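> Coordinates for the following, if possible.
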Amino acid sequence: MQSKLNPVVLFLGILFLTLTTITGCTKKDVSLPQDPKVSVVYMRPERLVMTTELSGRTAAFLVDEIRPQINGLIQKRLFIEGSEIKAGQVLYQIDPAPFQAVFDKAKANLPALKLRADRYKEALIDKAVSQQEFDDADAALKQAEAELQTAKINLNYTTIVSPISGRIGASTVTDGDIVTAYQPTALATIQQLDPIYVDIPQSTTELLRLERSLEDGRLKHDVANQNKVKLILGDGTPYPLDGTFQFQDITVDSTTGSVILRVIFPNPKNILLPGMFVRAIITEGVNEQAILIPQQGVSRNPKGEPITLIVDAESKVQQRMLTLDRAIGDKWLVSSGINSGDRIIVEGLQKVKPGISVKIVPLDSGG
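Alright, predicted model coming up:
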């Protein structure tokens, strides 16, 4: 006999299969999209001492090229090449014998001429001699006195002394050489190195920019440090002593479009030598409301213009165009485009674009 399926059992079976299917489907969660996470830096104005770094070259404070003032034979060189020389120190001795002879002769002739002039002066009162005879005797006396003075000066010139203190270089003559008065080749050169100058070319473009910044109030004079200059040596080490700004030349170099700034530095240990290339750090002024943005928060658009992304009050990303002044360490000094309180995105930039909502997380959190 054929069995029949109970309708109640059939209904329960279908209900069980349906519930099993629904339960299986609910076990798989459906995730909702979340806002991208970014880290920001809050912009706050700060006081910034503005400096500029320029290349320069050292120059001796005083330079004296030693030349003879008479013709003669070098009898003796009286200094060690490369040594320190004091003002008034004897450097060379020219053979004085011929000049001594001229001096002695002029000196010997003088008493007789003076006695003759005095006698003629008394005789003129009594009309014993004419006025012309007296004038001739007086003129001869004055000429002899002038010759004696010249002979004395030339005799003194046989001893060549240093007019300044400093370091002397190599001698171009040796004992026994003949020299001539005011010859083009110097016998030696003395340079005073303490203090020492540093000459710094500055472009007129930078000079005008600085003047405009001071005029419109973006920069203020730093009274305490305005005339102080720091120096970086050729090997990158800082020079331990500060220099003082001396003057700015008024002539523009037509080939470079720059003017020379002269700074004077103390140089007691002769670390700085003439002709060295150095870098000078010059104080321009103080920016009391400087806005500095991390360089990692600045990018460029297709036109090469600097831009940054900020998070606005509604937690949405906005793009800002920037005007940059210069790099200060690992930051940019911003002239315009950023305001105090703006939140600059510095991490998570690759996940966002203008207009979308974001979530701010602490910096370096890895979000």
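> Which element, helix or strand, includes the nearest residue to residue 151 once chain neighbours are set aside?
Leaving aside its chain neighbours, residue 151 sits nearest to residue 103 (3.8 Å; criterion: Cβ to Cβ, 6 or more residues apart in numbering). Any C-beta I mention is one placed from the backbone N, CA and C, and that applies to glycine too. Using DSSP states H and E, residue 103 falls within helix 97-125.
> which strands and helices sit next to the helix or strand that that helix is followed by?
Reading on from helix 97-125 to the C-terminus, the next helix or strand found by DSSP H and E is helix 131-157. With contacts taken as 3 or more Cβ pairs under 8 Å, 6 or more residues apart in numbering; DSSP states H and E, helix 131-157 sits against helix 97-125.
> what comes up buried for the helix it packs on?
Applying a neighbour-count criterion of 16 or more other Cβ atoms under 10 Å, one finds 98, 99, 102, 103, 106, 113, 116, 117, 120, 124 buried in helix 97-125.
> Can you get me a residue count around residue 166?
22 (other Cβ atoms under 10 Å).
> in the sheet, who's paired with it?
Beta-bridge pairing for residue 166 (DSSP bridges): residue 85.
> how close does it get to residue 121?
52 Å (Cβ to Cβ, to the nearest Å).
> can you check residue 302 too?
104 Å.
> Quick check: residue 346 touching residue 298?
No. Between residue 346 and residue 298 there is no contact under Cβ atoms under 8 Å: 9.5 Å.
> average pLDDT for stretch 166-184?
Stretch 166-184 comes out with an average pLDDT of 96.
> chain center to that stretch, what's the gap?
Distance, stretch centre to chain centre, for stretch 166-184: 35 Å (Cα atoms, centre = their mean, to the nearest Å).
> Same question for stretch 182-197.
24 Å.
> next one: stretch 108-116
On Cα atoms, centre = their mean, the centre of stretch 108-116 falls 65 Å from that of its chain.
> ok, now stretch 303-322?
The answer for stretch 303-322 is 37 Å, by Cα atoms, centre = their mean.
> What are the contacting residues of it?
35, 38, 40, 293, 297-301, 323-324, 332, 334, 336-338, 342-345, 349, 352-360 (Cβ atoms under 8 Å, 6 or more residues apart in numbering).
> go again using 6 Å as the cut-off
Residues outside stretch 303-322 that contact it (Cβ atoms under 6 Å, 6 or more residues apart in numbering) are 40, 297-299, 301, 324, 334, 337, 342-345, 352, 354, 356-358.
> List the ones among the residues you listed that fall in helices.
Using DSSP state H, no member of the contacts of stretch 303-322 falls within helices.
> PyMOL command to pick out the buried ones of those?
Buried subset of the contacts of stretch 303-322, written as a PyMOL selection, criterion 16+ other Cβ under 10 Å:
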select buried, resi 40+297+298+324+334+337+342+343+344+345+352+358
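> Could you list which of the contacts of stretch 303-322 belong to strands?
Secondary structure from DSSP state E places 40, 299, 324, 334, 343, 344, 345 of the contacts of stretch 303-322 in strands.
> Out of these, which comes closest to residue 264?
Closest approach between the ones in strands among the contacts of stretch 303-322 and residue 264, by Cβ to Cβ: residue 324, at 34.2 Å.
> Identify the residues contacting that closest one.
Residues near residue 324 by Cβ under 6 Å, 6+ apart: 306, 332.
> next one: residue 234
Contacts of residue 234 (Cβ under 6 Å, 6+ apart): residue 277.
> backbone phi and psi for it, please?
phi -60, psi -30 (degrees, to the nearest 10).
> what does the one 5 residues further on give?
The phi/psi pair for residue 239 (degrees, to the nearest 10) reads phi -80, psi 130.
> now it, nearest residue through space, not along the chain?
In space, residue 239 is closest to residue 231, 3.8 Å off (Cβ to Cβ, 6+ apart).
> all helices of the protein, in order?
7-26, 97-125, 131-157, 204-215.
> which stretch among those comes nearest residue 281?
Among the helices of the chain, helix 204-215 comes nearest to residue 281, with 14.1 Å by Cβ to Cβ.
> counting contacts, what elements does that closest one pack onto?
With contacts taken as 3 or more Cβ pairs under 6 Å, 6 or more residues apart in numbering; DSSP states H and E, helix 204-215 sits against no other helix or strand.
> Show me what residue 53 bridges to in the sheet.
residue 281.
> what's the answer for the one 4 residues further on, then?
When bridges are assigned using DSSP bridges, the partners listed for residue 57 are residue 199, residue 277.
> Quickly note the distance from it to residue 188.
Remark: distance between residue 57 and residue 188 (Cβ to Cβ) = 23 Å.
> Which of those two has more residues huddled nearby?
Shown here are residue 57 and residue 188; by other Cβ under 10 Å, residue 188 has more neighbours (22 against 14).
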